[in-house]
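Q: next one to model:
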Amino acid sequence: MKSLMLLWTKLAHECAGWCNNTSITMDCKTVRGRSNHEGLSFLTITLPSFGKDFEKSLDLGMVDRNLFHGFAWKGGLPKFLSGFLGLVFDRTSGVLLDDPSIDAIRSVRQLTLMFGKMHLPCSPERVAKAFAGYIECEQDVRRHDANHELAQTAEFGRIASMLFWDVFKHVDRKVYEHDLVPKHGPGATADRLRSNAKFRQHTWPKRLDEVFPLAEYLIPNYSFVEELEDVDILEPGAEIPVRVISVPKTLKTPRIIGIEPTAMQYMQQALLPEILACLKRVDYLNSMLGFDDQVPNQDMALEGSLTGELATLDLSEASDRVSNQHVRLLLHGHEHLFDAVDACRSRKADVPGHGIIRLAKFASMGSALCFPMEAMVFLTVVFLGIQKSLNTSLTLNDIKSFQGSVRIYGDDIIIPVDHVESVIEALHSFGFVVNLNKSFWTGRFRESCGREYYDGNDVSIVKIRQMFPLRRTDATEVNALVEFRNQLYWAGYWSTCAYLDEILTGMLRHYPMVLSSSPVLGRQSVLGFETQRLDEHLHSPLVKGYVLSSRSPRNPLDGHGALLKFFLKRGTEPFFSEDHLERSGRPQAVYTKLRWSSPV
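A: Next comes the predicted model:
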């Protein structure tokens, strides 16, 4: 706590220097006093709430008295950070100034939102509340499924067919011809198989076998068919449920995700690349749907902040509110693809404190198909809203005309401002919840995919993700602090970086100047990198510093499982590690190692 408060104070003084040396004496006193009284929650919950209210004020064009709860007021502004706020809003009326200070906007956001996404465990009460929210969300999905109007669902199907017919037709044929290559991921599974152990599966759901015969996907070829005698075919009632867990998101609430069974994830990964490849081959879909590149969304948010013509919408619990019925409508008319998606969809979930429940949602985060399916559902509903706004039946040419003004990336949605009300209404009618606190369309503030803009100016901030390290052996925290320092440097907070450099130099001893591509834990600079000696063989520059090191757990694999791993490998690059048949999976620990390494 002391380190975080000192960091806030150093940064506040530097921000004040950017903003006409505005006074921050009382602000520092407030942060110190309330942090001592309220604890870490003031920095990680209360301050971020202040920051979100500030963003909403920018969007409204004035400071609303219903915002900034828990802070005292003077005139038309909260007392806290009033020196900065007075450069953005009129001190008496609270109305947005005609020419607000961009530095002040960035400073308020940096000082209030910096600690909002720290990877810290929530209290047991907050975790239990999040699981209860998961159950409540499931009930909401069921209620909306029961209340869908026939005309509404029919029009959803028409728009979906216009958008995705060719895509689904191609993947449908791939499924029919068993021309798919499955894949195991590195993460955890509901049946607790890890890395190499996944290539020796001993269970296979009967539903899955009806679409994906295990003889086609669990062995290298039919000469190993006897290995299938040990595989247990699970009846629907005996299927392994999704294991629902919480992972750190904010100190206010954790993120709830689902860990899929090995067999389900294995075949989801077979469908995923085919769907994504087909979507990217269609020009208008490639421009409207993003899966691995956030830059187009960020560029459109910048454009929206400058012109005011594009809105950025954010959905709450987006993945958990996509109903299985939505996906059924989406895939209607493509029998083989629908059967495949349905077969590798888990129907039950094991929720801590609530037992095993049957799922109405399509899938939680954790399913490989969750991201693309939700994006296609959202795009379809967006065009339903636009269609209603235009009061005409959309054609494919009409849809193509929206390239450059409609884009979906996860739950980040960008649409023309003219159709905001109709699109929000359409999203609500399908059971989705628009987070109005993170959606912007009336002012000049826009936010999408981790970047924020005001009137064409980048006002994005740098966030710290971990607590300060206590010693060099706290490898994760040391790495996070080095990354935070370097991000602050490129954001222009050089005085604060000097303070962090003192801490890191004292902790690491060897802390050289390096480029961002270097594996060494070092400081980045506009001056480039330093050279301490040359490699005697390659004559390339070297520096002495600490490098993150880890080792995968021991997990030997041989026999038909090893051969299957070879055949399922994607791409032409060799396996990452030569001993991948002996060790595999995510390392259980990370540590720092002092060595000579490249600074570039």
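Q: can you get me a residue count around the closest residue to Lys117 other than its chain neighbours?
A: Of all residues beyond its chain neighbours, the one nearest Lys117 is Lys463 (5.2 Å), with distances taken as CB to CB, 6 or more residues apart in numbering. (C-beta placed from N, C-alpha, C; glycine too.) Neighbour count for Lys463, taken as other CB atoms under 10 Å: 16.
Q: kindly list the longest strand within the protein.
A: Ranked by residue count, the top strand of the chain under DSSP state E comes out as strand 541-550.
Q: give the contact list for Lys206.
A: Taking CB atoms under 8 Å, 6 or more residues apart in numbering, we find Lys206 in contact with 233-236.
Q: can you flag the buried ones in those residues?
A: Neighbour-count burial (16 or more other CB atoms under 10 Å) applied to the contacts of Lys206 gives Leu234.
Q: and which of the contacts of Lys206 is nearest to Val382?
A: Taking CB to CB as the measure, Val382 lies nearest Pro236 of these, at 34.8 Å.
Q: and the gap between the closest one and Pro213?
A: Distance, Pro236 to Pro213, using CB to CB, to the nearest Å: 17 Å.
Q: confirm Phe383 sits in a strand?
A: No: Phe383: not assigned to a strand; according to DSSP: H, G, I helix; E, B strand; the rest coil it is helix.
Q: okay, now it: neighbour count?
A: For Phe383, the count of nearby residues is 26 (other CB under 10 Å).
Q: the longest strand of the chain packs against which elements?
A: With contacts taken as 3 or more CB pairs under 8 Å, 6 or more residues apart in numbering; DSSP states H and E, strand 541-550 sits against helix 475-491, strand 533-534, strand 590-597.
Q: check contacts around Asp314.
A: Asp314 neighbours (CB under 8 Å, 6+ apart): 411-413, 434-435, 438-439, 447.
Q: just the buried residues of stretch 39-46, please?
A: Neighbour-count burial for stretch 39-46 flags 42-46 (criterion: 16+ other CB under 10 Å).
Q: please read the previous query as pertaining to stretch 95-112.
A: Burial within stretch 95-112, assessed by neighbour count using 16+ other CB under 10 Å, is assigned to 96, 100-112.
Q: now do Ser195, the pLDDT please.
A: Ser195 is assigned 88 on the pLDDT scale.
Q: again with Phe576
A: pLDDT for Phe576: 65.
Q: cool, Ser389 as well?
A: Reading off the model, Ser389 has pLDDT 96.
Q: what number of residues lie near Pro273?
A: Residues contacting Pro273 under the criterion other CB under 10 Å number 14.
Q: list the contacts for it?
A: Residues near Pro273 by CB under 8 Å, 6+ apart: 181, 570.
Q: the spatially closest residue to Glu447 that is not a sequence neighbour in helix, strand or coil?
A: Once flanking residues are discounted, Glu447 sits nearest to Thr312: 5.6 Å by CB to CB, 6+ apart. Thr312 falls in the strand class when you classify it by three-state DSSP.
Q: verify the stated contact: Thr312 with Asp412.
A: Yes: counting by CB atoms under 8 Å, a contact exists between Thr312 and Asp412, whose distance comes to 6.9 Å.
Q: ok, the residue nearest to Glu447 - contacts?
A: Counting by CB under 8 Å, 6+ apart, Thr312 touches 301, 304, 412-414, 439-441, 446-448.
Q: and the two most separated of those residues?
A: Counting by CB to CB, the most remote pair of these is Asp412 and Trp441, 13.6 Å apart.
Q: fine by me, we can end here.
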